[in-house]
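[1] Sharing a model prediction with you, sequence too.
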Amino acid sequence: MPNPKRRHSKSRRNKRRAHDALRTPSLSLCPNCQEPRLPHRVCPKCGYYKGRVVVRVEQEL
């Protein structure tokens, strides 16, 4: 197996890792209850997706 002849510098290592940062998830508002939710997913608060009930959610007291 070939081995590196010289070590990689810190700047070269950091250039390689430039795209590894985590991005914040994009949130959209639910049109039914106005709660933030992930796009293209059922709302965890009300259970609606595309204007109809998909999941029945129990009400908390």
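    In hand now; what should we look at? Numbers count the residues shown, from 1 in each chain.
[2] Give me the buried positions along stretch 29-40.
    30, 37 (16 or more other C-beta atoms under 10 Å). Bear in mind the C-beta positions are built from the backbone N, C-alpha and C, glycine included.
[3] Centre of the chain to it, how far?
    15 Å (C-alpha atoms, centre = their mean, to the nearest Å).
[4] I would like the residues contacting it, please.
    By C-beta atoms under 8 Å, 6 or more residues apart in numbering, the residues outside stretch 29-40 that reach it are 25, 26, 27, 28, 43, 44, 45, 46, 48, 51.
[5] Highest neighbour count among the residues you listed?
    Comparing the contacts of stretch 29-40 by number of neighbours (other C-beta atoms under 10 Å), residue 43 comes first, having 22 neighbours.
[6] Can you tell me the number of residues neighbouring residue 49?
    16.
[7] Give me the spatial nearest neighbour of it, chain neighbours excluded.
    residue 42 (4.5 Å; C-beta to C-beta, 6 or more residues apart in numbering).
[8] cool, residue 44 as well?
    residue 37 (6.6 Å).
[9] Assign a three-state SS to the residue nearest the centre of the chain, would you?
    Nearest to the mean C-alpha position of the chain, by C-alpha atoms, centre = their mean, lies residue 25 at 3.6 Å. Classification of residue 25 by DSSP: H, G, I helix; E, B strand; the rest coil places it in coil.
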